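Undergrad: I'll drop the sequence and a predicted model, then ask my questions.
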Amino acid sequence: MNEKGFTLVELVVTLAIASVLIILFMNIGMIIRNIYSNYDSKTTLLIEQGNLSKAIHSKLDKNIISYARCIDNEYFCFDFNLSDGSKSRLLVSDDLISFDNYKYKISDDLIVETSMSKQTLTGIDVIDNNSFFNLKISIKSKIYGDEEFGINYVYQYNSNITNLES
């Protein structure tokens, strides 16, 4: 008898193995796509964290004469008067973080919390920097849990020379 061809059993086994391999490769592809997507959004958050930090540090470091809450705004907003005579405004609203030319649109999956505190240390020599204020913008993603993508800016000064009022 001439045995050119496949039996039905060989054909079914071949199709079953091919189906299992196709499903396996599709699952691996979906896993890789999810990993890439997560790292892409995490990278974007880290880049924005660096951009915000750079914008604030480059403008405010050693240049602040005074700062005050914005009078005309209900959001977290501070105006900074700088030693070169310019002013900078930091605004954190429900959907935007803005500082001078830096702007970042806050997406729905982000949780943003802000705070500003001032403290003067006692028992420090009058020639030392005895006071500081702390600006904290906490940015957390619902995807990454407690991982922090915000900034914590601390400005130290001598309150005997500079009187920063908030």
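TA: Nice, I can see it. Numbers count the residues shown, from 1 in each chain.
Undergrad: contacts, neighbours, all on C-alpha from now
TA: Will do.
Undergrad: do a quick rundown of the helices in this structure.
TA: With helices called from DSSP state H, the chain shows them at 8-60.
Undergrad: could you list the low-pLDDT ranges of it?
TA: 1-2, 123-128, 160-166 (pLDDT under 70).
Undergrad: which residue packs closest to the residue most central in space within it, ignoring adjacent ones?
TA: For the chain, the residue sitting closest to the mean C-alpha position, by C-alpha atoms, centre = their mean, is residue 149 at 3.4 Å. Computed as C-alpha to C-alpha, 6 or more residues apart in numbering, the closest residue to residue 149 that is not its neighbour in sequence is residue 139, at 5.0 Å.
Undergrad: who are the contact partners of residue 89?
TA: 77, 78, 79, 80, 98, 99, 100 (C-alpha atoms under 8 Å, 6 or more residues apart in numbering).
Undergrad: can you rerun that using 7 Å?
TA: 78, 79, 80, 99, 100 (C-alpha atoms under 7 Å, 6 or more residues apart in numbering).
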